[in-house]
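Trainee: What shape does this take:
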Amino acid sequence: MITHPETLEQLSERIDELEMRVRQLEQSSSPRPEIAPPSPVPQIKSPQENAPGFPAGATLTVLGKALLGIAGAYMLRALSGVVPRGLLAVVAGVYAVAWLVAGARVIPNNRLAGVFYVCTSLLILTPMLWEMTIRFHAMPAIVAAAAIAAYLAATWVFARQPGRSSAFSIAWAGSAVTALALSIGTHDMASFTAILLAMVACGEAARVTRQPIAVSPIVFLASDTAVWALLFLYRMPAETRPDYPPLSPLAVIGAPLLLFAIHATGTAIHTGLHGFRLSAFDTMQSVLGLVLTGCAFFWLAPEFGQPALGALCVLLSIACYAAAFGPFQHAPDPHNFRVFAAWGAALLLCSGFLLLPRSAASVALAVLSLAALYFSARMRTPALEYHGVLFLTVAAWASGLLEFAFSTLAGKMPAWPPLPVISLSIATLLACAACREQPGEPVRNQLLHYVPALLAATALCALVTLALMGAVRLAFSLDVFHIAFLRTLTLCSVAFVFALGGSRLNRPAMKRVAYTLIALVAAKLLFEDLRHGRLEFIAASICLVALTLILVPRLTSRIPRRGNAS
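Mentor: Numbers count the residues shown, from 1 in each chain. Down below sits the predicted model:
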């Protein structure tokens with residue numbers, strides 16, 4: 001037993017402490033009464049919020065305000081018999097700008113209302129200008145042009161503010177259409193065309209600063225139409241257009257030239273400096289602008305228009321080639337490179353025929369073709385090879401080589417070929433030697449190498465046939481069956497040579513040309529030799545064709561030597 005009183009007191013104190021702790025734990029673990037959350041107060045929704053879809057009530061309210069604005073315009077129109085029309089036009093213009101300002105103020109809070117107010121402003125201004133200038137003749141055309149310019153300035157200021165560009169694009173496009181209509185209706189085309197060109201310049205400036213206007217294509221189309229109408233009307237004699245003010249030819253030519261220059265500059269900056277992809281509209285507008293410029297030169301300045309346009313094409317071709325093989329050559333997206341390279345080739349072709357006579361242009365194109373093929377191999381750029389083949393084909397047509405070859409091989413025998421034909425024949429042989437086709441290339445590359453080889457074979461057949469006939473004619477006079485046999489002999493010989501060369505040099509294009517010549521000589525045997533030949537010459541022609549059919553497939557199927565493989 002424990003007899004010490006001090007020990008008993010300590011134990012009792014310890015037990016009391018434990019009981020107190022247990023009591024505290026029980027109180028903390030006991031569930032508290034839950035307080036019910038306050039019941040939500042039912043919110044009464046407005047009819048606009050209960051309506052499904054867009055807020056119809058707010059839309060109708062905005063539409064009603066816009067109709068009130070149009071009613072005010074009709075009220076001003078009704079006062080035209082009382083108030084002087086000049087003063088009325090000023091009031092109507094201020095009224096239209098006031099609705100424009102109202103649209104700018106409400107757009108941050110209510111975009112739909114801003115769009116309606118901008119449309120109201122446009123519907124107030126456009127009929128007022130038309131009536132004052134066309135119907136009442138109370139406003140000169142130059143004043144109407146100034147009014148549109150002031151309205152456009154206000155539109156431009158509001159459209160440059162953040163979040164307002166798309167809404168004010170409606171006023172921008174409507175102003176362009178209004179300027180186009182007034183240019184035709186008032187016959188004062190210079191003022192309104194100048195406004196449209198200024199709009200094009202502003203649109204290009206906005207695109208360069210990476211704030212493009214959504215309706216720029218509409219402005220461009222209106223400008224194109226106005227420039228075309230200007231050219232069409234002022235190309236006629238002054239006696240046929242007495243209602244139109246006189247304009248100098250240089251001023252008329254300046255309109256399409258300025259339109260093209262503005263768009264070309266904007267496109268160059270947009271694609272070259274900013275690296276954007278050239279759009280289909282930019283391509284179409286550039287071509288259309290250049291076509292309008294060409295029409296202006298040919299119609300209004302026939303004395304110097306052709307060389308001036310040719311010089312412009314040369315400069316543009318150099319610029320396009322510099323852009324293609326400069327910043328665009330190694331770009332991740334090859335689209336801009338292809339478009340600018342194609343423009344360079346097309347402009348170079350046009351400049352050749354604009355600056356030089358046809359024969360001289362063909363020789364110049366042949367030289368350019370060989371240069372393009374040479375630099376294509378040095379720079380390893382397939383685009384230049386395509387351009388070289390294109391230049392060679394156009395040069396062969398322009399020089400008369402194709403016509404000469406057809407007459408020599410199938411028609412009436414021509415005389416000795418002219419110098420351009422001889423030059424192009426040599427150029428085709430050199431181009432055929434320069435085009436080095438590799439086995440297993442895509443079909444487009446096979447066709448690319450096939451064209452120079454076919455042109456070279458055609459030129460060679462024509463020259464050899466003409467030389468054979470000249471040599472035989474020294475011994476005796478030629479009859480129809482003699483000419484038919486000599487043609488067959490030449491075609492079979494050239495087919496054999498191309499098959500042998502294609503086999504030994506591993507040139508698939510030459511093999512394909514050999515089979516093409518076989519098809520040609522077979523058709524010739526049917527339509528010429530059997531119809532006009534004598535029996536012994538027919539038999540000789542058939543033997544030649546048969547030997548060609550036997551030898552050419554054997555030669556083309558031979559495996560070239562390793563040392564001769566290209």
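Trainee: Ranking helices and strands of the protein by mean pLDDT, which lands last?
Mentor: Ranked by mean pLDDT, DSSP states H and E, the weakest helix or strand in the chain is helix 47-50, scoring a mean of 41.
Trainee: immediately after that one, which helix or strand?
Mentor: helix 56-78 (DSSP states H and E).
Trainee: For that following helix, what is the distance to the chain centroid?
Mentor: For helix 56-78, the separation from the chain centroid amounts to 43 Å (computed by Cα atoms, centre = their mean, to the nearest Å).
Trainee: got it, and stretch 110-118?
Mentor: Its chain's average C-alpha position is 35 Å from that of stretch 110-118, according to Cα atoms, centre = their mean.
Trainee: One more: stretch 493-508?
Mentor: With Cα atoms, centre = their mean as the basis, stretch 493-508 stands 42 Å off its chain's centre.
Trainee: What's the mean pLDDT across that stretch?
Mentor: Averaged over stretch 493-508, pLDDT sits at 92.
Trainee: so who does the residue nearest the centre of the chain touch?
Mentor: Nearest to the geometric centre of the chain sits residue 283, at 1.9 Å (Cα atoms, centre = their mean). Residue 283 sits next to residue 339 when contact means Cβ atoms under 8 Å, 6 or more residues apart in numbering. Using the backbone N, CA and C atoms, a C-beta is placed for each residue, glycine as well.
Trainee: Just the CA trace of the host helix or strand of it, in CSV.
Mentor: Element membership of residue 283 [criterion: DSSP H and E] is helix 280-300. What follows is helix 280-300, C-alpha atoms only, in CSV (Å, rounded to 0.1, in the frame of the first residue of the first chain):
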residue,chain,number,x,y,z
ALA,A,280,-3.7,35.9,-104.5
PHE,A,281,-5.3,39.3,-104.5
ASP,A,282,-1.9,41.0,-104.4
THR,A,283,-0.8,39.0,-107.4
MET,A,284,-4.0,39.8,-109.3
GLN,A,285,-3.8,43.5,-108.5
SER,A,286,-0.2,43.8,-109.5
VAL,A,287,-0.9,42.2,-112.9
LEU,A,288,-4.0,44.4,-113.4
GLY,A,289,-2.1,47.5,-112.4
LEU,A,290,0.7,46.7,-114.9
VAL,A,291,-1.9,46.0,-117.6
LEU,A,292,-3.6,49.3,-117.0
THR,A,293,-0.2,51.0,-117.2
GLY,A,294,0.5,49.3,-120.5
CYS,A,295,-2.8,50.3,-122.0
ALA,A,296,-2.2,53.9,-121.0
PHE,A,297,1.2,53.9,-122.7
PHE,A,298,-0.1,52.3,-125.9
TRP,A,299,-3.3,54.4,-126.1
LEU,A,300,-2.2,57.8,-125.1
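Trainee: now it: mean pLDDT?
Mentor: pLDDT averaged over helix 280-300 gives 95.
Trainee: and what of stretch 433-451?
Mentor: 85.
Trainee: Can you give the contact residues for stretch 265-277?
Mentor: Identification of contacts with stretch 265-277 by Cβ under 8 Å, 6+ apart yields 204-205, 207-208, 210, 278, 282, 286, 319, 323, 327-328, 331, 333, 335-336.
Trainee: now, which of those residues sits nearest residue 515?
Mentor: Using Cβ to Cβ, residue 335 is the member of these that sits closest to residue 515, with 36.7 Å.
Trainee: Not counting its neighbours along the chain, what's nearest the closest one?
Mentor: residue 277 (5.6 Å; Cβ to Cβ, 6 or more residues apart in numbering).
Trainee: following the helix holding residue 283, which helix or strand shows up next?
Mentor: Next along from helix 280-300, by DSSP H and E: helix 305-324.
Trainee: So residue 213: helix, strand or coil?
Mentor: State at residue 213, reduced to three classes by DSSP: H, G, I helix; E, B strand; the rest coil: coil.
Trainee: Pretty sure it sits against residue 172.
Mentor: Yes - counting by Cβ atoms under 8 Å, residue 213 does reach residue 172; the two are 6.2 Å apart.
Trainee: which neighbours do the two share?
Mentor: By Cβ under 8 Å, 6+ apart, the residues touching both residue 213 and residue 172 are 159, 219.
Trainee: follow-up on the earlier one: is there a quick PyMOL command that grabs whichever of the contacts of stretch 265-277 are buried?
Mentor: Per 16 or more other Cβ atoms under 10 Å, the buried members of the contacts of stretch 265-277 correspond to this PyMOL selection:
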select buried, resi 204+207+208+278+282+286+319+323+327+328+336
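Trainee: pLDDT check: weakest of the contacts of stretch 265-277?
Mentor: Among the contacts of stretch 265-277, residue 210 carries the lowest pLDDT, at 81.
Trainee: nearest residue to residue 208 other than its sequence neighbours?
Mentor: Residue 208's closest residue in space is residue 269 (Cβ to Cβ, 6+ apart), at 5.0 Å.
Trainee: Tell me the buried residues in the host helix or strand of residue 424?
Mentor: Using DSSP H and E, residue 424 sits within helix 419-434. Using 16+ other Cβ under 10 Å as the test for burial, helix 419-434 gives 420-425, 427-432, 434.
Trainee: so what's the backbone phi/psi at residue 533?
Mentor: phi -90, psi 160 (degrees, to the nearest 10).
Trainee: where's it relative to residue 271, distance?
Mentor: To residue 271, residue 533 is 62 Å away according to Cβ to Cβ, to the nearest Å.
Trainee: quick revisit: which members of the contacts of stretch 265-277 occur in helices, if any?
Mentor: 204-205, 207-208, 282, 286, 319, 323, 335-336 (DSSP state H).
Trainee: Looking at these, which one is closest to residue 509?
Mentor: The closest of the ones in helices among the contacts of stretch 265-277, once distances to residue 509 are taken by Cβ to Cβ, is residue 335, at 29.1 Å.
Trainee: Surely the closest one touches residue 278?
Mentor: Yes - contact criterion Cβ under 8 Å: residue 335 and residue 278 qualify, at 6.5 Å.
Trainee: And the closest residue to residue 168 other than its chain neighbours, how close does it get to residue 543?
Mentor: Among residues not flanking residue 168 along the chain, residue 159 sits closest, at 3.8 Å (Cβ to Cβ, 6+ apart). Per Cβ to Cβ, residue 159 is found 83 Å from residue 543.
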